[in-house]
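>>> Using only what follows, build the 3D model:
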Amino acid sequence: MQFYRNSNLKKTARLILGLCSLFFCSFSFLYLYCLQSDALTLAQHILSKGHTSYSKIWGAVIVTLVLQLLVILYKRTHWYSLKAQALYFFPSCLILGAMTCFVPTHDGNVMWNINWLACSLYVIIYGIIIWISLHFPDTRNDKSSIHPYLWINFVLLAIQLCMAAHIGNTNDAYHYRLKVQELVLDNNDTAALEVGKRSLAHDRELTVLRTLALSRRGNLGNALFHYPQEYGSEGLLPNTQDTFLHTQAYRDVIYKHLGGYPGQNILSTKQFLSLLINTKTVKKSAYDYLLCAYLLDKDIETFVNILPQYYPSNEGLPKHYKEAMIMYLHHEGKTDHVLYDKQTADAYLKYLEIKSSFKNPVEQNNQCRREFGQTYWWYYDFK
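Modelled structure (predicted):
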């Protein structure tokens, strides 16, 4: 095995490896603590059936130190040129990606889902780079600047870190949901509603959690359509058949917030809410859930008929309810209704003007979304 004998080259190699280690450790800690901590917490919680818990900060620290120790051990058995010191980090980067590739399953569990094809390709590329490195070694008495070596090593290390992120699960909706769930359970609804607010990534559980956060802030009828809605009324509540550990905590919070639990024979969200509002334990929040359920299913007729029971006047009428009412009254040709709101009516006329100015459906969608994408009108016409 070949090692450096020139003291100058030894110092250069140590400096390069030290800087790469600092780069790697910083990335590993932030990747594990900021991005993957919620996913690892959930995976450990489910796989241990709730008997153990994952410490976010200590987990990130310990894993990073173990991976760095692996770099040191790997260096003792291999020799790479100054141009390829970053290759010592390949096994650690591969393990870092592999241990964060847990994905959710449809039955509420998680599974280890590593992309073997991608990993095989990365190993082949790694072998090719090693071959090139061994066949083009450094000059023995090279006393040139360290900067060219640093540059190429940082590039190699950055590529390997991107490999780790590619292998791991970096699905936005999944990570948004886990962060929102934690914040909701901590009663931090304001922060929960800021997570992924400008992103279109979503899934049903994330939609359910955001609905709860909006309702607890008394803002469900004002901001429901500020977030993607793809599941109709079924996106308001969890699947009634879901009894897995990681969803049980927030399911209890939701149903206590509404004032009742669904029975085994409940077939839909609207059926449950319709029955719930006639019980003695019902909470006021359930009324808004029911009204929003009709809006999400585009059942305007029923929405208009039951709205005066809960909001007899314009005072305190939420934004989306005004929008739905104005749209209904406009189509009916009525302007003297007790819940008619002129300011909202003027905005609706502007919306219709923009919509009618484009014949192409894609252009209609895009133009209306730019100015009215957070209204019920856009949802009703384009979703």
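>>> what's next to the one helix or strand Leu117 maps to, contact-wise?
Following DSSP states H and E, one finds Leu117 within helix 116-135. If you take CB atoms under 8 Å, 6 or more residues apart in numbering as the criterion, helix 116-135 is touched by Tyr80, Ser81, Lys83, Ala84, Leu87, Phe90, Leu94, Ala98, Leu156, Met163, His166, Ile167. C-beta: built from backbone N, CA, C; applies to glycine.
>>> Just the mean pLDDT for that helix, thanks.
For helix 116-135, mean pLDDT is 88.
>>> helix or strand right after it?
Where DSSP H and E defines the elements, the next helix or strand beyond helix 116-135 is helix 147-167.
>>> just checking, what packs against that next one?
The helices and strands touching helix 147-167, judged by 3 or more CB pairs under 8 Å, 6 or more residues apart in numbering; DSSP states H and E, are helix 7-30, helix 90-98, helix 116-135.
>>> Return the distance of the closest residue to Ser233 other than its chain neighbours relative to Leu329.
Leaving aside its sequence neighbours, Ser233 sits nearest to Ala293 (CB to CB, 6 or more residues apart in numbering; 3.7 Å). Separation of Ala293 from Leu329 (CB to CB, to the nearest Å): 21 Å.
>>> Between those two, tell me which one has more neighbours.
Remark: of Ala293 and Leu329, Ala293 carries more neighbours, 25 against 19, as counted by other CB atoms under 10 Å.
>>> Find the helix or strand that that one is a member of.
Using DSSP H and E, Ala293 sits in helix 285-296.
>>> Number of residues surrounding Ala249?
Look at Ala249: counted by other CB under 10 Å, it has 11 neighbours.
>>> Give me the distance between it and Met99.
Separation of Ala249 from Met99 (CB to CB): 25 Å.
>>> what's the answer for Cys292, then?
Noted for Cys292: a distance of 40 Å to Met99, by CB to CB.
>>> Same check on Gly263?
Using CB to CB, one gets 41 Å for the distance from Gly263 to Met99.
>>> Between the two, point out the one with more neighbours.
Neighbour totals were compared for Gly263 and Met99, and Met99 leads with 19 against 10 (other CB under 10 Å).
>>> Next up, the contacts around the closest residue to that one other than its chain neighbours.
Of all residues not flanking Met99 in the chain, Val63 sits nearest, at 7.4 Å (CB to CB, 6+ apart). If a contact means CB under 8 Å, 6+ apart, then Val63 has Ser28, Leu32, Leu96, Met99 as its contacts.
>>> From the contacts of helix 116-135, list just the buried residues.
With neighbours counted by 16 or more other CB atoms under 10 Å, the contacts of helix 116-135 contain buried members at Tyr80, Ser81, Lys83, Ala84, Leu87, Phe90, Leu94, Leu156, Met163, Ile167.
>>> Would you tell me which one of those comes nearest to Lys319?
Nearest to Lys319, judged by CB to CB, of those is Ile167 at 43.6 Å.
>>> okay, now the domains of the protein?
Here the domain parsing of the chain from automatic domain parsing is 7-168, 171-297, 317-383.
>>> circling back: which two in the buried ones among the contacts of helix 116-135 are spaced the farthest apart?
Counting by CB to CB, the most remote pair of the buried ones among the contacts of helix 116-135 is Ser81 and Ile167, 26.4 Å apart.
>>> Could you tell me which residues make contact with Asn102?
One correction, residue 102 is Phe, not Asn. Contact partners of Phe102, counting by CB under 8 Å, 6+ apart, are Ala39, Leu40, Leu42, Ala43, Val110, Met111, Trp112, Asn113, Asn169.
>>> which residues does the residue nearest to it when sequence neighbours are not counted contact?
Sequence neighbours aside, Ala43 is the residue nearest to Phe102 in space, at 4.4 Å (criterion: CB to CB, 6+ apart). Contacts for Ala43 were tallied using CB under 8 Å, 6+ apart; they are Tyr54, Phe102, Val110.
>>> Residue ranges in this protein under the pLDDT threshold?
For the chain, the stretches flagged by pLDDT under 70 are 1-9, 104-109, 137-145, 240-247, 334-338.
>>> residue ranges of the strands in it, please?
Along the chain, counting by DSSP state E, strands occupy 102-104, 110-112.
>>> Could you count how many residues lie near the residue lying closest to Ser215 once chain neighbours are set aside?
Excluding the flanking residues, the one nearest Ser215 by CB to CB, 6+ apart is Ser285, at 5.0 Å. When counting by other CB under 10 Å, one arrives at 17 neighbours for Ser285.
>>> show me the contacts for Ser285.
Per CB under 8 Å, 6+ apart, neighbours of Ser285: Ser215, Arg216, Leu220, His257, Leu258, Gly259.
>>> out of those residues, which are buried?
Burial by neighbour count, 16+ other CB under 10 Å: within the contacts of Ser285 this picks out Ser215, Arg216, Leu220, Leu258, Gly259.
>>> Make CSV from those and add distance to Ile277 to it.
As requested, those are exported to CSV (distance: CB to CB, whole Å):
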residue, distance to Ile277
Ser215, 14
Arg216, 18
Leu220, 15
Leu258, 9
Gly259, 9
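>>> tell me the two of those that are most distant?
Longest distance between any two of the buried ones among the contacts of Ser285 is 15.1 Å, between Leu220 and Gly259; criterion CB to CB.
>>> Next, the buried residues of stretch 357-371.
Neighbour-count burial for stretch 357-371, counted by 16+ other CB under 10 Å, picks out Gln364, Asn365, Cys368.
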